[in-house]
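1. Output the structure for:
(2 chains)
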Amino acid sequence: GENVEQHPSTLSVQEGDSAVIKCTYSDSASNYFPWYKQELGKRPQLIIDIRSNVGEKKDQRIAVTLNKTAKHFSLHITETQPEDSAVYFCAASINSGYALNFGKGTSLLVTP
Amino acid sequence: EPEVTQTPSHQVTQMGQEVILRCVPISNHLYFYWYRQILGQKVEFLFSFYNNEISEKSEIFDDQFSVERPDGSNFTLKIRSTKLEDSAMYFCASSPTMTRTRNGYTFGSGTRLTVV
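-> Numbers count the residues shown, from 1 in each chain, chains lettered A, B, ... in the order given. Sure, this is the predicted structure:
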């Protein structure tokens, strides 16, 4: 089955700096890659997703890049703010109607 | 914005008892899912449900679990003979048809199950 690896497990940045979280996946059939933000005790919330026919997608301060050949995808957050502090999960799936295979999460701390 | 609703928010049960977790998916979504998250760990897929049957399930989803759709809106997960290691946050989720190209899953706020 699909195996999603996520790094780093913790990341601490200063407010205003950029943060990058990387994930790799094993199943070449995967073609849907969402990123979720989870604040303590709350539900995962979709922040951005990308499909395999696209190499990069941006939404304001958040961007995701996908390298399907190398089977890795990354989340980039620019101009980080303290409210970006949360656990971020990457996931991979064959399609949005199928099981999501999650990475182990990255705990991001943005210090003022 | 439409939401996935889960009840109860917290359930405490004694080991060996049965629990029922309830979910109301978004009304025009066709795919439904249950995931669990043990404290401090990643979110794990349990199973997906489409067209009134389980369409995909993980190795976690064994005979201890069952699912029902008692009416057109509610969606329940039953866990029999609960064990201490069943303690986790259980998330229900729903998604539109596979042909949609935007908006992936919407997760509910979760039910925290504590087995004592």
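
2. can you pull up the bridge partners for A:Ser93?
-> Note on A:Ser93: beta-bridge partners by DSSP bridges are A:Tyr32.

3. pLDDT score assigned to it?
-> Listed pLDDT for A:Ser93 reads 88.

4. hang on, isn't it packed against B:Tyr31?
-> No. Under the criterion of Cβ atoms under 8 Å, A:Ser93 lies out of contact with B:Tyr31, with a separation of 11.2 Å. For the C-beta atoms, the positions are set from N, CA and C on the backbone; glycine is no exception.

5. what about chain A, any weak spots by pLDDT?
-> For chain A, the stretches with pLDDT under 70 are A:95-97.

6. Show me what the host helix or strand of A:His76 is packed against.
-> Element membership for A:His76 (DSSP states H and E) is strand A:72-77. Packing partners of strand A:72-77 (3 or more Cβ pairs under 8 Å, 6 or more residues apart in numbering or on different chains; DSSP states H and E): strand A:19-25, strand A:62-67, strand A:86-92.

7. Give the full set of residues in contact with B:Ile26.
-> B:2-4, B:94, B:106 (Cβ atoms under 8 Å, 6 or more residues apart in numbering or on different chains).

8. and B:Gln11, how far is that from A:Gly1?
-> 29 Å (Cβ to Cβ, to the nearest Å).

9. between those two, who's got more neighbours?
-> B:Gln11 (17 against 9; other Cβ atoms under 10 Å in any protein chain shown).

10. got a list of what residue 67 touches?
-> Picking chain A for this. By Cβ under 8 Å, 6+ apart, the neighbours of A:Asn67 are A:55, A:73.

11. right idea, wrong chain: chain B
-> Contacts of B:Val67 (Cβ under 8 Å, 6+ apart): B:34, B:47, B:49, B:54, B:75-78.

12. Quick check: it is in a strand.
-> Yes. B:Val67 sits within a strand when classified using DSSP: H, G, I helix; E, B strand; the rest coil.

13. Just say which of the helices and strands packed on strand A:72-77 is most tucked in.
-> strand A:86-92 (a mean of 25; mean count of other Cβ atoms under 10 Å in any protein chain shown).

14. Is B:Glu44 in a helix, a strand, or coil?
-> Of the three states, B:Glu44 takes strand under three-state DSSP.

15. Could you check the pLDDT of it?
-> The pLDDT attached to B:Glu44 in the predicted structure is 93.

16. Residue numbers of chain A in contact with chain B?
-> Taking Cβ under 8 Å from any Cβ of the partner chain as the contact definition, chain A meets chain B at A:32, A:34, A:36, A:42-46, A:49, A:51, A:89, A:91, A:95-105.
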